[in-house]
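In: The sequence isn't on hand, but the structure is:
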């Protein structure tokens, strides 16, 4: 048998070796078991340390990846925040533009309302002008007037209708210069005026007749030559009624002086 001294790894530096000669077989088994357990514990600890180191390295890697990801997220967030700020600025500018456009639209609307009022006034003026033109055309269509005179003197005239054979003025009058008779074109009130000059002291009296009935008369009667008789009358006529100048007295009438009629017959619708 070999005698050896061994130092238990479970002892500190001050521990002393065991005398294997004094240890029986049972104690040796116990020591061996303890050594085996210590070895197992050491191996387990080493294994655990290696595992922990691997875990720490893994955690460090994951932490680094997380930091990179966080940094990337921060950059992305900063970029998105910058984009959002830019969009907000653009929206503010667009809002300013919208407000400016609204103001322009309001101004344009007010201008449009003003122009519409002007247009309405112009339309009203045009409508009034149209009505006036229509009335004017209607008035022209319903105006009747004439003036006629005799062109030759008559020293022996003693009966019948005095014929005023020269038409001086006429608007759709209805006067016939061949017969000396005015025929009313439409129903209405008419004014008639006659001026007759007697021929050299021959005296002169005439009637204004309506449908053969005397209405008024005029007389040129004096010791002086070429006396003038005048009269005017307003007559209500139906369409087709006739008016003329008829003989009453005397023996002649004077016609023209220097080729201008002095004995005349006029009429018009009022």
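Out: Great, that's in hand. Owing to the predicted nature of the structure, the values given are computational and were not obtained by experimental measurement.
In: Show me where the stretch 1-150 of the chain has its helices.
Out: 25-141 (DSSP state H, counting those that start in this stretch).
In: pLDDT below threshold where in it?
Out: 1-23, 134-141 (pLDDT under 70).
In: so what's the nearest residue to residue 262 once chain neighbours are set aside up against?
Out: In this structure, residue 262 finds its nearest non-sequential neighbour in residue 197, 4.9 Å apart by Cβ to Cβ, 6 or more residues apart in numbering. Heads up, the C-betas are built off the backbone N, CA and C, glycines and all. Counting by Cβ atoms under 8 Å, 6 or more residues apart in numbering, residue 197 makes contact with 204, 220, 226, 227, 228, 253, 254, 262, 263.
In: From residue 219, how far off is the fifth one?
Out: From residue 228 over to residue 219 the distance is 10 Å, taken as Cβ to Cβ, to the nearest Å.
In: again, but for the last one
Out: Using Cβ to Cβ, one gets 14 Å for the distance from residue 263 to residue 219.
In: higher neighbour count, the two?
Out: residue 263 (28 against 19; other Cβ atoms under 10 Å).
In: Tell me which residues touch the more buried one, please.
Out: Contacts of residue 263 (Cβ under 8 Å, 6+ apart): 149, 150, 162, 164, 195, 196, 197, 253, 254, 255.
In: Quick check: buried residues in stretch 145-159?
Out: Judged by neighbour count (16 or more other Cβ atoms under 10 Å), stretch 145-159 contains these buried residues: 145, 146, 147, 148, 149, 150, 153, 154, 157.
In: wait, which of those is closest to residue 70?
Out: residue 145 (110.2 Å; Cβ to Cβ).
In: from what I can see the closest one touches residue 169, true?
Out: Yes: under the criterion of Cβ atoms under 8 Å, residue 145 makes contact with residue 169 at 6.9 Å.
In: quick check: mean pLDDT across the helix or strand residue 182 falls within?
Out: Taking DSSP states H and E as the criterion, residue 182 maps to strand 181-183. Averaged across strand 181-183, the pLDDT comes to 98.
In: So which other helices or strands are in contact with that strand?
Out: strand 175-176, strand 242-250 (3 or more Cβ pairs under 8 Å, 6 or more residues apart in numbering; DSSP states H and E).
In: strand partners of it, parallel vs antiparallel please.
Out: Neighbouring strands of strand 181-183 in its sheet, by DSSP bridges, are strand 175-176 (antiparallel), strand 242-250 (antiparallel).
In: want to throw those into CSV with distance to residue 47?
Out: Shown next, in CSV, are the strands paired with strand 181-183 (distance: least, Cβ to Cβ, whole Å):
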stretch, distance to residue 47
strand 175-176, 148
strand 242-250, 151
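In: Dump these to a markdown table, plus mean pLDDT, distance to residue 126 and mean neighbour count.
Out: Output for the strands paired with strand 181-183, formatted as a markdown table (pLDDT from 0 to 100; distance: least, Cβ to Cβ, whole Å; neighbours: other Cβ atoms under 10 Å):
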| stretch | mean pLDDT | distance to residue 126 | mean neighbour count |
| --- | --- | --- | --- |
| strand 175-176 | 98 | 38 | 20 |
| strand 242-250 | 97 | 42 | 19 |
